[in-house]
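**Q** my questions concern the predicted model and sequence given below.
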Amino acid sequence: MEPLLSVKNLRKSFPITKGVFGRKVGEVRAVHDVSFDIARGETLSLVGESGCGKTTTGRAILRLIEPTSGEVHFEGKDVLAMGAGEMRALRREMQIIFQDPVSSLNPRMTVGTAIREGLTIHKIAEGADADARVRQLLDEVGLRAEYATRYPHEFSGGQRQRIGIARALAVEPKFIVCDEPVSALDVSVQAQVINLLRDLQRERGLTYLFIAHDLSVVKHMSDRVAVMYLGKIVELANAEDLYRDPTMPYTQALLSAVPIADPTVEKKRILLEGDVPSPAAPPPGCVFNPRCHHPAKDAACTVLNPPLEEKAPSHFAACIKQPPTAISWDEQVKAGGTKPPESYFPVVEQLTRQAADSNPGALA
Amino acid sequence: MAAFLARRIAQGLAVVMLVATTVFFLIHAAPGDPFSASMENPGITEGVRAAWRHTYGLDQPIGEQYVHYVASVARGDLGFSFSLQRPVADALGSALPNTLLLMTVALAAGFFIGIVVAIAQVRRRGKPADHILGAISIFLFSVPDFWLAMLILVAFAYWLPLFPIGGSVDPVMHDMMGSGARALDRVRHIILPGLTLALLYFPLIARHQRAALLDAITADYITTGRAKGVSEAHLVNRHALRNALLPIVTILGVAFPALLTGAVFVENVFSWPGMGRLIVNAIGSRDYPLLTAAVLLGSMFVIVGSIGADVLYRALDPRLRDEL
Ligand SMILES: Nc1ncnc2c1ncn2[C@@H]1O[C@H](COP(=O)(O)OP(=O)(O)O)[C@@H](O)[C@H]1O
Ligand code: SF4
Ligand SMILES: [Mg+2]
């Protein structure tokens, strides 16, 4: 079946300018060749450390940021080729929930006005009809209908995020980018908001691109998970597969940091050494090479650009040292390689498998 | 709100008193006194001057003079101007409206230019036009007030004699004009000083407005609006400008003292018969009561302006309204 959303080789770089006349002195490679499909009703999670380009990806798909290059198709329509009018009509289908529930609501608009605006722009409802819809939406996200006349600052973080969700739902979209919708919230309300999003998805048949900076949040939310590092997707697999057999060394390290609720399981952590390199000066070859702990890592990793390839059925990872790989040993040797690829699944695997079995339903 | 106002007014009164006191002692400490100028007149002997000093109490210790001054101001008596030979209250009463008129014109023009420049800059943010406008703003902001005033005077009243050289009305013809011609006469006289003052402080407005607009335009709720499908024009006009105009209200409080200082120089260059000229003349002639009263009035205006801006800001921002 045709995917609802298809993203191909999406790129976005921000110029770094200097001086009075804004001379361009470099660029930040925020998103670099990101590709994925999302099927109807599916949740694809996009996970990675802060600054790896998740927000930019989400916004570029909705053209809230103009992508530098690449392709985005929504229901077969070429999103990047659309004119302003078509694009605004498409806003009805594709929505976004922002990470920061404080700044994403206009402080000088009442909650009701903010939710209503989408309804009137897209001529979904007007007058008393619109008011009724606003009340119904507030109710649907678990807020009192009277809240419509209040201003955003009168609400708690969790309530504001519910307002943000109601606002996004108002136009009855098919697809929603949830950009770290719970990261700014207290742990105690995170689960409530996640549950709300899941319920809404079930009731309305929504498709989500769910962005998070840590794997624990998305575990029970996602059908598939894409792991991002320095503007690239480095692993993409069904959630279950990814948590059980993390293949890309970066994913392995991330998963080793996911806390396990079961105190009897001893946790071995792979410590990531050093900082994430600057996206303005990404390392050559595999972007993860300066911090990689794969035993077969060698000079070839600093030269060759690992493609995102299928390591197991529907399980994609970008690592030239995890077999199978299309980058032949000859090529690796030519690039200075000294250690042949070898399967490497550190203890994390065992631990996460146990954790998954012993601890269903835990969110954090 | 009442508590807030009371606190601000108390603070303001303290500042006004402090300023007036400082000016009182400073001007008395300056060499010479109101009668120094008469030294050039050989008919007036030192004895006469001593008698005058005695009449006005200037021979008393400065502390005593200060107490007397405070007491008379408290009674509502601002004293008598030596140099103008009329009550200080009268002199202020005729100068103040002229300054207020000049400041109002400059305020309106400055806000208008400032906001238009800021919008132009933000629309072309990061492009050469943005930087050029920014550079012009900084230039005008750093240029000495009197220098710009003289440059404009020379340019538009002398090289290109489009406007009168000074004053608030034509000294000879004004009284003989019909009402329409009088109004035009006033307008022609206020354009140069008003424009100069506006040019001097619009950069303040433009820079703040630009920052506020940039803040607003990159704010997440603008992205939210865009995500809803709100058109770009509507986004700037309804969502961003509304939020970005608010910080400008606080600038009113800052702009007021800047305007008043600017007015002192501009009024003198353009011989505008307002508070600025009054103050400079009062300093030159060591007219103690006139100067102190003028400064007292000026600082009161500054305080009132800033309290007014605060109140307005609170009234406009729903987040602060609750605290009123
Ligand atoms: N408007 C922008 N201008 C310049 N650089 C940006 C801009 N937005 C994001 N970036 C840079 O792009 C990179 C990715 O940012 P982002 O997509 O926000 O990451 P994430 O959402 O994963 O934390 C970061 O290095 C960030 O500094
Ligand atoms: S390609 Fe090399 S550096 Fe990159 S993850 Fe694989 S082993 Fe590590
Ligand atoms: Mg982000």
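**A** Happy to help now that I have it. Ligands and ions are numbered 1, 2, ... in the order given.
**Q** spell out which parts of the stretch 1-150 of chain A neighbour chain B.
**A** A:17, A:20-22, A:59, A:62, A:64, A:84, A:88-89, A:91-92, A:95-96, A:98, A:100, A:103-108, A:114, A:117-118, A:121-122 (Cβ under 8 Å from any Cβ of the partner chain). For every residue, glycine as well, the C-beta is placed using N, CA and C.
**Q** so which of these sit within strands?
**A** Within the residues of the stretch 1-150 of chain A next to chain B, residues falling in strands by DSSP state E are A:Thr17, A:Gln95, A:Ile96.
**Q** which of the residues you listed are close to ligand 1?
**A** Contacts with ligand 1 are made by none of these, judged by Cβ under 6 Å from any ligand atom.
**Q** re the thing from before, filter the residues of the stretch 1-150 of chain A next to chain B down to the buried ones, ChimeraX style.
**A** Entered in ChimeraX, the line below selects the buried ones among the residues of the stretch 1-150 of chain A next to chain B, by 16 or more other Cβ atoms under 10 Å in any protein chain shown:
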select /A:59,62,64,88,91,92,95,96,98,100,103,104,105,106,107,108,114,117,118,121,122
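**Q** which one of the ones in strands among the residues of the stretch 1-150 of chain A next to chain B is nearest ligand 1?
**A** Nearest to ligand 1 out of these is A:Thr17 (Cβ to the nearest ligand atom; 9.9 Å).
**Q** skipping adjacent residues, who's closest to the closest one in space?
**A** A:Lys24 (5.5 Å; Cβ to Cβ, 6 or more residues apart in numbering or on different chains).
**Q** now that neighbour: how far from ligand 2?
**A** 30 Å (Cβ to the nearest ligand atom, to the nearest Å).
**Q** so what's that residue up against?
**A** The contact partners of A:Lys24, by Cβ atoms under 8 Å, 6 or more residues apart in numbering or on different chains, come to A:Pro15, A:Ile16, A:Thr17.
**Q** now do the contacts for the closest residue to A:Arg144 other than its chain neighbours.
**A** Residue nearest to A:Arg144 in three dimensions, not counting chain neighbours: A:Leu138, with 6.8 Å by Cβ to Cβ, 6+ apart. A:Leu138 sits next to A:Val111, A:Ile115, A:Arg144, A:Ala145, A:Tyr147, A:Ala148, A:Ile163, A:Ala166 when contact means Cβ under 8 Å, 6+ apart.
**Q** need these in CSV with neighbour count and pLDDT, can you?
**A** Shown next, in CSV, are those (neighbours: other Cβ atoms under 10 Å in any protein chain shown; pLDDT from 0 to 100):
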residue, neighbour count, pLDDT
A:Val111, 25, 94
A:Ile115, 28, 94
A:Arg144, 11, 94
A:Ala145, 15, 93
A:Tyr147, 20, 93
A:Ala148, 21, 94
A:Ile163, 26, 95
A:Ala166, 24, 95
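**Q** so which of the residues you listed belong to helices?
**A** A:Val111, A:Ile115, A:Ile163, A:Ala166 (DSSP state H).
**Q** how about the helices in chain A?
**A** A:54-61, A:84-90, A:111-121, A:127-140, A:157-169, A:187-204, A:215-218, A:239-244, A:249-256, A:329-334, A:348-358.
**Q** indicate which one of the ones you listed is closest to B:Ala233.
**A** Across these, B:Ala233 has its closest neighbour in helix A:84-90 (10.9 Å, Cβ to Cβ).
**Q** neighbouring contacts of that closest one?
**A** Contacts for helix A:84-90 (Cβ under 8 Å, 6+ apart): A:Arg63, A:Phe74, A:Lys77, A:Val79, A:Met82, A:Ile121, A:His122, B:Gly229, B:Ser231, B:Glu232.
**Q** mind running it again at 6 Å?
**A** B:Gly229 (Cβ atoms under 6 Å, 6 or more residues apart in numbering or on different chains).
**Q** how far away from the center of its chain is it?
**A** How far helix A:84-90 lies from its chain's middle: 24 Å, per Cα atoms, centre = their mean, to the nearest Å.
**Q** and that helix, average pLDDT?
**A** Averaging pLDDT along helix A:84-90 yields 90.
**Q** neighbours of B:Arg75, how many?
**A** 8 (other Cβ atoms under 10 Å in any protein chain shown).
**Q** brain fart, A:Val31
**A** 32.
**Q** hmm, it is touching A:Arg59, no?
**A** No. Applying Cβ atoms under 6 Å, one finds A:Val31 not in contact with A:Arg59, separated by 9.7 Å.
**Q** and stretch B:116-129, how far apart are its ends?
**A** 13 Å (Cα to Cα, to the nearest Å).
**Q** do that stretch and chain A meet at all?
**A** Yes. Residues of stretch B:116-129 contacting chain A under Cβ under 6 Å from any Cβ of the partner chain: B:Gly126, B:Pro128.
**Q** mind checking which residue lies nearest the centre of chain B?
**A** The centre of chain B sits closest to B:Leu260, judged by Cα atoms, centre = their mean, with a distance of 1.9 Å.
**Q** please enumerate the strands of the stretch 1-150 of chain B.
**A** Taking DSSP state E, counting those that start in this stretch, the strands of the stretch 1-150 of chain B run over residues B:80-81, B:86-87.
**Q** direction included, what does the first one pair against?
**A** Its sheet considered, strand B:80-81 pairs with strand B:86-87 (antiparallel) by DSSP bridges.
**Q** list of residues touching the partner strand?
**A** So strand B:86-87 is contacted by B:Phe80 (Cβ under 6 Å, 6+ apart).
**Q** so what's the gap between it and the chain middle?
**A** In terms of Cα atoms, centre = their mean, the centre of strand B:86-87 is set 24 Å apart from its chain centre.
**Q** hang on, the earlier thing: what's the most buried one of the strands of the stretch 1-150 of chain B?
**A** Across the strands of the stretch 1-150 of chain B, the average number of neighbours (mean count of other Cβ atoms under 10 Å in any protein chain shown) peaks for strand B:80-81, which reaches a mean of 22.
**Q** low-confidence ranges, the stretch 51-200 of chain B, go.
**A** Across the stretch 51-200 of chain B, nothing is flagged by pLDDT under 70.
**Q** pick out the residue of it closest to ligand 1.
**A** B:Gly126 (10.6 Å).
**Q** the domain parsing of chain B - what is it?
**A** With domains defined by automatic domain parsing, chain B comprises B:2-88, B:95-323.
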